[in-house]
Structures are given as structure tokens and as C-alpha cells.
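Student: Sequence and predicted model, in that order:
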Amino acid sequence: MLPTIDTHCHLMNFDYLPDQYTKHLLRNKSELLAKFIEEEELREGTKLNSILKLVDEIGDNNLHKMLNALLPKNFWGINGVIDNLVKKGEFLSSEYIKESGFQPGERNVNIYVPLMMDFIVGSNITKVHNSDGVIPYVLQLQEIAHISRTYPWQIFPFFAFHPRRKNALTLLRLAVEQNGFVGIKMYPAMGFYPDFRGDQGRKNNEIDPIINKNLEGLYSYIAEMRTKKDESIVLPINAHAQYHATQGIDLKPGETLDFTNVMNWDSLIREYDLKINFAHFGGTDFLKRTSIDKDEEKSEDEIAKEFSKNTTDNILALMNRYNSENNKQIFADLSAHSYCLKDGNITTKYFSHINYYLKEGFPLMYGSDLPVIAGETTAKDYINTYEKNIEEEYKENFFSKNALEFLFHENTIPANYLNFMKFSFDYGYMDEDPFSNDVISKHRWVSEYIQKNLYA
Ligand SMILES: [Zn+2]
């Protein structure tokens, strides 16, 4: 039985989010809250406690559940949020699991791909102080590695590479070579162009020369790892690709569009043979009903709708350009699409598109974007909607095969992950040998994907 893979989630709590981003997140979740919170307050970062009280007053249950799950004290240990996610599929604290009389979804997620996020650089914090409510980025990396060790064969993390971070390359090496990270998260909406050479990129990235220098280093590193003797690794990239964004804190959504444009990646893909998952597949804004008044400026909804359509079309064009029967390089995940659960008509329209693309062989993948969707819906309702509406014959590709091809180049679990498992056990970080029959038999798919000559 092939594993079901959630290709896009984030294992984070309030320790990972500077206060400014916490409020940014809240604002996107509730229009009512947005009415009470001024943009300026979000940027100053002083009103968090009063916001939490306000959520209580409003009685927004999903939102309150999400905030509760993001409290660090509810996060760790048996029956903590991470444990509940891996074992029960919900990003919830146990208090809410109990309260809801937990019922599992119709499909179990076997593998999670948590993506780090560099909110620290994104919010222009130069030095981390506890008063910013955030732990250092390198510590976040170590905590994610700890989660990988706790749940062997179930967590395959991506390191978020923000090229404005001075030591981004050092931390990338630490993540890949010593902590088993299998891919790279890129978030251009945080204020950079992915291409350090492009005419379009050059002008803007040059404001901060470290960006281009780090980007060049990144792609060289990917090439270096790919051609490494004996243990070559193909590091896939997850690139944000929709209008709605957790953008750089000093940017408005409309100011992110040039950065997010997926065509910025075109010549990079060609030159560096990149493997990319365009996260969100352009988003669900294409479904929105908007009225266009010719005399007035375009509304934000109209801009989002147009951007969504163009982005999806461009991703499909890149898939046509770079994917062949035997070699797929361009993928897309459908994470954070909870808008498609809204009402019957929207759901029908959405899935007629998705099933059509799957029929045409475009490698779309399941992704949730937990905990981001947790403010609107449960993970169970989210995955059940896909289980119910994806046509039977495409389910294997959508939930498993495409993601396996994206993560495990040539059907092999990357050597750096295997090494990480091996030395984590050898050095006493893990109680049980992840290569023992006992452990492997719980994750049946693994034996097919291990390089047998090295580890069997
Ligand atoms: Zn995400």
C-alpha cells in the first residue's frame, strides 16, 4: 500500500512566529478581527493579548482552536499537538480532540512534509530577543529535526531559504547534511526574485547584494549535491505560488505579485535542472465571482482572480515544457484550498478543474497547509472533501505517486535522510532502530524505497 502524503504543512507554534506575524495570521482569518485591528498595530506588534481576548468574545471556535494549538505548552510530548497530528491527523491540542469526540478522516496521512518559514528575516528582526516572542531560527531547525527523529519515516522536512539571511547557506548545509532535511522552501513574496541573474530580478535584488550572492550559492549547492559521487541528492524546491501570501511584513499583498510570478523560475529550471513544486497551484481566487466596473480601478478580488488564473496557466505551461513521461520536474500542491469547501457549486466547479488536470496527467499533489487551514476547517473535513471528489482512478497519483516522485528521486529515499536516521540512532537520540524490522513493518512502503545495498 502506497503512503498518503501531505506535501505541504508547517510544524510551528507561537515560538516560531514573531508577534507581527501572529497578528498578520489572525487578520487573514477573520474579517471581523480585521475591523478591530489597524495595520499600524499589526506592525508595531503590541496588541496580541487583547486580540486573544477578542477571539474569545467573538466565539470563533475554529480560530480559538487554532490559537490554542499554537501555544507552545500544548505542542510537545505524547498527546501534544504534533503527536495528535502524526497519529490522528489533526493539528489540535488534546483538549479539543477530546471535546470533539474524535473521529478519524476517511484517509490516513502517513507522511508529512513540514516546511520551515523564515518569519524572522521576513519581519526584519535583525537580532532575536525573547521579547519578540520568537526563538532563533537555528533552534527552530533543531526542533524540526527532533520531530523527524521522533516519528521516523513520517516526517520529511524542507528548510526555508530566505536569501536575505546572512548565514542562510550555512544553515542550509546544517539542515541537509546533518539533520536529514530533504528539500528547500522558497517564499519570494517575502521580498526577493528567485533569479539572481534575470534582468527583472537584478534591479530589485541589487538593493541588498546579499540576496543575489546567497541565491547563486543556493543553486550551486543544489547542483553540487546532485552531482556528488556515491550519495547524490536531488533537493526539490517548494515555491509559493498564489496571490495570498504570508509576505514580507513591509509589503502589501499587491506588492508581492512580481516576486511571486512563477515565470521568474523559467530559465533557472532550465539552467539548474530544478525540481519544483509550485505551492497552491495558483490558489482558488479563480473561483471568485467578481463584478468588473470598467470606470473604476480593479478591486483587490479582481486582481487576485486574474493573478490566480494566470499563475495556474503558467504552472501548466511550465509542466508542459519541462515534464516528460519519464522525468517530472514541475509539480503543484493544492494546499490551503479550503475555499473549495465553501458551497456545493464552488466545490463542483473546483473539482471539475482538478479532475481534468489529473486526467491530463499533470502532477498535482495533496497538501493541507496545516495549521493555516485550521482556522477555517478541520484537517478531517479537508481531506475528506478530496477523498470524496477526486475520481477514483486518479487518487493514487494525487495522494501518493506524484509526491513520491517529487520527494524521492528515482524511487530512493535521499541518502542524507537515511544517514540522519542512522546516526540519530547510533548516537542515542532514538530509542528504537529505525531500520529494525519492527519499525519498518509499520511503514511498509519504506523497504521499497531504501537503497538496499547501503542500508539493508
Ligand atoms: Zn504554507
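Tutor: Okay, I see it. Numbers count the residues shown, from 1 in each chain.
Student: When you work out contacts or count neighbours from here on, use the C-alpha atoms and nothing else.
Tutor: Fine.
Student: And Ile78, how close does it get to Ile315?
Tutor: Applying Cα to Cα, to the nearest Å, the value for Ile78 to Ile315 is 40 Å.
Student: now swap in Asn179 and tell me
Tutor: 31 Å.
Student: Residue ranges in the stretch 101-250 of the chain under the pLDDT threshold?
Tutor: Applying pLDDT under 70 to the stretch 101-250 of the chain flags residues 129-132, 198-203.
Student: Just the helices from it, written as ranges.
Tutor: 119-122, 137-150, 168-173, 179, 199-205, 209-226 (DSSP state H, counting those that start in this stretch).
Student: Turn these into CSV, columns for distance to Met319 and mean neighbour count.
Tutor: Output for these, formatted as CSV (distance: least, Cα to Cα, whole Å; neighbours: other Cα atoms under 10 Å):
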stretch, distance to Met319, mean neighbour count
helix 119-122, 29, 22
helix 137-150, 31, 18
helix 168-173, 27, 17
helix 179, 31, 25
helix 199-205, 22, 16
helix 209-226, 20, 18
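Student: Kindly reformat the ones you listed as TSV containing distance to Gly248.
Tutor: As requested, those are exported to TSV (distance: least, Cα to Cα, whole Å):
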stretch	distance to Gly248
helix 119-122	5
helix 137-150	16
helix 168-173	17
helix 179	27
helix 199-205	14
helix 209-226	14
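Student: For Met1, find the nearest of the ones you listed.
Tutor: Set against Met1 and scored by Cα to Cα, the helices of the stretch 101-250 of the chain come closest in helix 137-150, at 22.0 Å.
Student: Give me the contact list for the closest one.
Tutor: Helix 137-150 has contacts (Cα atoms under 8 Å, 6 or more residues apart in numbering) with 11, 16, 116, 118, 120, 154-157, 159, 171, 175, 179-181, 421, 424, 429-430.
Student: So among those, which ones count as buried?
Tutor: Neighbour-count burial (16 or more other Cα atoms under 10 Å) is assigned, among the contacts of helix 137-150, to 11, 16, 116, 118, 120, 154-157, 159, 171, 175, 179-181, 421, 424, 430.
Student: nearest spatial neighbour of Gly122, skipping sequence neighbours?
Tutor: Gly248 (4.7 Å; Cα to Cα, 6 or more residues apart in numbering).
Student: One more: Val121?
Tutor: Arg165 (6.3 Å).
Student: just Asp83 next, same as before
Tutor: Gly77 (6.9 Å).
Student: Check which helix or strand that neighbour maps to.
Tutor: Per DSSP states H and E, Gly77 falls between elements, in no helix or strand.
Student: so it touches Asn84, yeah?
Tutor: No. Contact between Gly77 and Asn84 fails when scored by Cα atoms under 8 Å: they sit 9.7 Å apart.
Student: of those two, who's got more company?
Tutor: Asn84 (20 against 12; other Cα atoms under 10 Å).
Student: if you skip the residues just before and after it, what's nearest to that one?
Tutor: Excluding the flanking residues, the one nearest Asn84 by Cα to Cα, 6+ apart is Glu90, at 6.0 Å.
Student: What are the neighbouring residues in contact with that neighbour?
Tutor: By Cα under 8 Å, 6+ apart, Glu90 lies in contact with 81, 84, 378-380.
Student: Return the distance of it relative to Ile147.
Tutor: Distance, Glu90 to Ile147, by Cα to Cα: 16 Å.
Student: Point out where the stretch 251-400 of the chain drops to low pLDDT.
Tutor: Applying pLDDT under 70 to the stretch 251-400 of the chain picks out residues 292-296.
Student: would you list every one of the strands in it?
Tutor: 276-282, 330-333, 364-365 (DSSP state E, counting those that start in this stretch).
Student: Could you export the ones you listed as JSON lines, including distance to Phe406?
Tutor: Listed next are the strands of the stretch 251-400 of the chain as JSON lines, based on distance: least, Cα to Cα, whole Å:
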{"stretch": "strand 276-282", "distance to Phe406": "8"}
{"stretch": "strand 330-333", "distance to Phe406": "7"}
{"stretch": "strand 364-365", "distance to Phe406": "9"}
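Student: now those as a markdown table including distance to Thr385 and mean neighbour count?
Tutor: Below are those laid out as a markdown table (distance: least, Cα to Cα, whole Å; neighbours: other Cα under 10 Å):
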| stretch | distance to Thr385 | mean neighbour count |
| --- | --- | --- |
| strand 276-282 | 16 | 27 |
| strand 330-333 | 15 | 28 |
| strand 364-365 | 14 | 28 |
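Student: Quick check: which of the ones you listed is nearest to Ser324?
Tutor: Ranking those by proximity to Ser324 (Cα to Cα) places strand 330-333 first, at 10.0 Å.
Student: So in that sheet, which strands flank the closest one, and in what orientation?
Tutor: Partners of strand 330-333 in the sheet, by DSSP bridges, are strand 276-282 (parallel), strand 364-365 (parallel).
Student: Thought Thr412 was touching Ile233, still the case?
Tutor: No. Assessed by Cα under 8 Å, Ile233 is found out of contact with Thr412, at 9.8 Å.
Student: Compare these two (neighbour count), which wins?
Tutor: Legend: neighbour count by other Cα under 10 Å for Ile233 and Thr412, higher for Ile233 (25 against 18).
Student: Tell me which residues touch the more buried one, please.
Tutor: By Cα under 8 Å, 6+ apart, the contact set of Ile233 is 225-227, 414-416.
Student: Ok, Leu85 next?
Tutor: Applying Cα under 8 Å, 6+ apart, the residues contacting Leu85 are 91-92.
Student: same thing but 10 Å
Tutor: Residues near Leu85 by Cα atoms under 10 Å, 6 or more residues apart in numbering: 11, 79, 91-93, 109, 112, 370-371, 379.
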